[in-house]
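> Let me see the structure of the following:
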Amino acid sequence: MPDRTPLSDAAIHEALDDLEGWTYEDDKLKATYEFADFRAAISFIVRLSFYAEEMNHHPELENVYNTVSIALTTHDAGGKVTEIDVELASKIEEFVWT
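Below is the predicted model of the structure:
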């Protein structure tokens, strides 16, 4: 199980080097994806839900038509970014366009 200790700003920025399109703001890792249509966006959310549930780590999600915005933070670490946030972002990057 990934560590849920808050990461330093330096560690977060280092992790972002491998997470294209992700940003760090307001103590959250954030990304926005645009899909072909609403159905593709919802399908992505459903796929994401299986990974999130398996990890017992649930992202903040917003969906508007074909756009999905994700924010990752660890609530039981005081709302800070931890290793589990980086791990879930990496998993999302592995499957988002497959």
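> mind checking the longest helix of the protein?
helix 38-55 (DSSP state H).
> If you count neighbours, what's buried in that one?
41, 44, 48, 51, 52 (16 or more other CB atoms under 10 Å). C-beta coordinates here come from the backbone N, C-alpha and C atoms, glycine included.
> cool, and stretch 7-18?
Those would be 7, 12, 15, 16, for stretch 7-18 by 16+ other CB under 10 Å.
> Redo those residues as TSV? Include secondary structure and distance to residue 26.
Formatted as TSV, the buried residues of stretch 7-18 follow (DSSP: H, G, I helix; E, B strand; the rest coil; distance: CB to CB, whole Å):
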residue	secondary structure	distance to residue 26
7	coil	15
12	helix	12
15	helix	17
16	helix	15
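> re earlier: alpha carbons of the longest helix of the chain, as CSV, please.
The C-alpha trace of helix 38-55 is given here as CSV (Å, rounded to 0.1, in the frame of the first residue of the first chain):
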residue,chain,number,x,y,z
PHE,A,38,-20.4,12.1,-23.4
ARG,A,39,-20.4,8.3,-23.7
ALA,A,40,-16.6,8.2,-23.9
ALA,A,41,-16.2,10.5,-21.0
ILE,A,42,-18.6,8.4,-18.8
SER,A,43,-16.9,5.2,-19.9
PHE,A,44,-13.6,6.7,-18.7
ILE,A,45,-15.1,7.6,-15.4
VAL,A,46,-16.4,4.0,-15.0
ARG,A,47,-13.0,2.5,-15.8
LEU,A,48,-11.4,5.0,-13.3
SER,A,49,-13.8,3.9,-10.6
PHE,A,50,-12.5,0.3,-10.7
TYR,A,51,-8.9,1.5,-10.1
ALA,A,52,-9.9,4.0,-7.5
GLU,A,53,-12.0,1.4,-5.6
GLU,A,54,-9.2,-1.2,-5.8
MET,A,55,-6.8,1.3,-4.3
